[in-house]
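Novice: Give me coordinates for this.
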Amino acid sequence: MITATKGIRVRAAAVVATASAVLAGGVLTAAPAQAVTAPTLTAKGAYLMNSATGKTLFTKAADTKRLTASTTKVMTAKVVLSQANLNLDAKVTIKQAVSDYMVAEGYPSSARLIVGDKVTVRQLLYGMMLPSGCDAAMALADKFGTGSTVAARTKNFIAKMNTMARSLGMTNTKFDSFDGLSNGANASTPRDLTLLARSVMKSSAFKTVVKTKSYTAKTVTKTGAIRTMAAWTNTNTLLGWNGTLGVKTGSGTEAKYCLIFAATLNGESVMGTVLTAPDATSRTADVKKLISYGYAKIS
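Specialist: Presented below is the predicted three-dimensional model:
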């Protein structure tokens, strides 16, 4: 009897509250969700998606072609990791051609690989993605390209990069190098590079590499001795911030500052790209804004 009386009182109170709301506002409706203000960025191009659903969350000149700098190396990794029967522990001997290339290019970003050393494919991925080693990128392109010479193999590898881009729907992308040192026709868009990132981040091996802040490789010298390399430090200083777990920085005189990024926090995942930010500090600020905005939009 007491329980029934309490139930009547509760229902009566609810009816009174509902009636009061209707009388006060005319119609009882749910409170609107708080609007999220889109960020203002310094980068000339940007794209942000909900990486779980693929839904677009933000665009700024997202389909305008721009130089990609070392974000190109994400596609190099994608092609390598897509090889049939890939053995990440297979050893690759560093050739004199790799050293010659680095000299010819004016010593770009390097993993400081030593001619004659045997380095595993896995180690080369770390050397390419953390310190952004162009030497590691070339060694991978030579290893997984087809042809009778280094030049032929690296050219064939770049062709594979473009074939992969088409298969991923990267309709505004063309690669002319394996490391982002453009020969005049290396360009992509924030949307295309984010599509690439969403694809390659499905690889557990890739995710493990790009979220690593520092890695020390042990290579095998010509004499069979073990060489402990100086630690490779990830150029992505955002790692760990607000769930950031990758993906790749890029910079160059013309390309300025670029970053493909991915982050997951409290079950919410975002991914995106900024291209042509004026400096490293602005690039970092832009990406932080986008990640925070993405989480707010999803929630």
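Novice: pretty sure T264 is in contact with L245, am I right?
Specialist: Yes - T264 is within contact range of L245, at 6.5 Å (criterion: C-beta atoms under 8 Å). Using the backbone N, CA and C atoms, a C-beta is placed for each residue, glycine as well.
Novice: the more surrounded of those two?
Specialist: L245 (20 against 16; other C-beta atoms under 10 Å).
Novice: who touches the more buried one in this structure?
Specialist: Contacts for L245 (C-beta atoms under 8 Å, 6 or more residues apart in numbering) come out as 207, 210-211, 239, 262-264.
Novice: wait, which of those residues is closest to S132?
Specialist: Among these, V210 lies closest to S132 (C-beta to C-beta), at 11.5 Å.
Novice: Show me the helices in the stretch 51-200 of the chain, by range?
Specialist: Using DSSP state H, counting those that start in this stretch, the helices of the stretch 51-200 of the chain run over 73-81, 96-104, 121-129, 134-144, 150-167, 190-200.
Novice: Note down every partner strand of the helix or strand where L48 lies and its orientation.
Specialist: Using DSSP states H and E, the element containing L48 is strand 45-50. Strand 45-50 has the following strand partners under DSSP bridges: strand 56-60 (antiparallel), strand 268-277 (antiparallel).
Novice: quick one, that strand and helix 190-200 angle?
Specialist: 40 degrees (axes from the mean of the first three to the mean of the last three C-alpha atoms, to 10 degrees).
Novice: what comes into contact with strand 45-50?
Specialist: Here strand 45-50 has contacts from 55-62, 64, 66, 189-191, 193-194, 198, 268-276, 286, 290, 293-294, 297-298, using C-beta under 8 Å, 6+ apart.
Novice: Return the residues in contact with the closest residue to A97 other than its chain neighbours.
Specialist: The spatially closest residue to A97, leaving aside those adjacent along the chain, is V150, at 4.5 Å (C-beta to C-beta, 6 or more residues apart in numbering). Applying C-beta under 8 Å, 6+ apart, we find V150 in contact with 95, 97, 142.
Novice: still on that earlier bit, could you flag which of the contacts of strand 45-50 are buried?
Specialist: By neighbour count, with 16 or more other C-beta atoms under 10 Å, the contacts of strand 45-50 hold 57-62, 66, 189-191, 193-194, 198, 268-276, 286, 290, 293-294, 297-298 as buried.
Novice: What strand or helix carries the most centrally placed residue in the chain?
Specialist: Taking C-alpha atoms, centre = their mean, the centroid of the chain lies closest to V247, which sits 3.0 Å from it. Element membership of V247 [criterion: DSSP H and E] is strand 244-252.
Novice: The helix or strand just after that strand vs helix 73-81, what angle?
Specialist: The helix or strand immediately downstream of strand 244-252 is strand 256-265, counting by DSSP H and E. Put simply, strand 256-265 runs at 60 degrees to helix 73-81, going by the same axes, to 10 degrees.
Novice: relative orientation of strand 256-265 and strand 244-252 in degrees?
Specialist: Relative orientation of strand 256-265 and strand 244-252, computed by the same axes, to 10 degrees: 180 degrees.
Novice: so where's the stretch 1-150 of the chain uncertain?
Specialist: Applying pLDDT under 70 to the stretch 1-150 of the chain flags the ranges 1-34.
Novice: follow-up on the earlier one: with distance to R122 added, can I get the strands paired with strand 45-50 in a markdown table?
Specialist: Conversion of these to a markdown table gives the following (distance: least, C-beta to C-beta, whole Å):
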| stretch | distance to R122 |
| --- | --- |
| strand 56-60 | 33 |
| strand 268-277 | 24 |
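Novice: Against K95, how distant is the residue nearest to A97?
Specialist: 7 Å (C-beta to C-beta, to the nearest Å).
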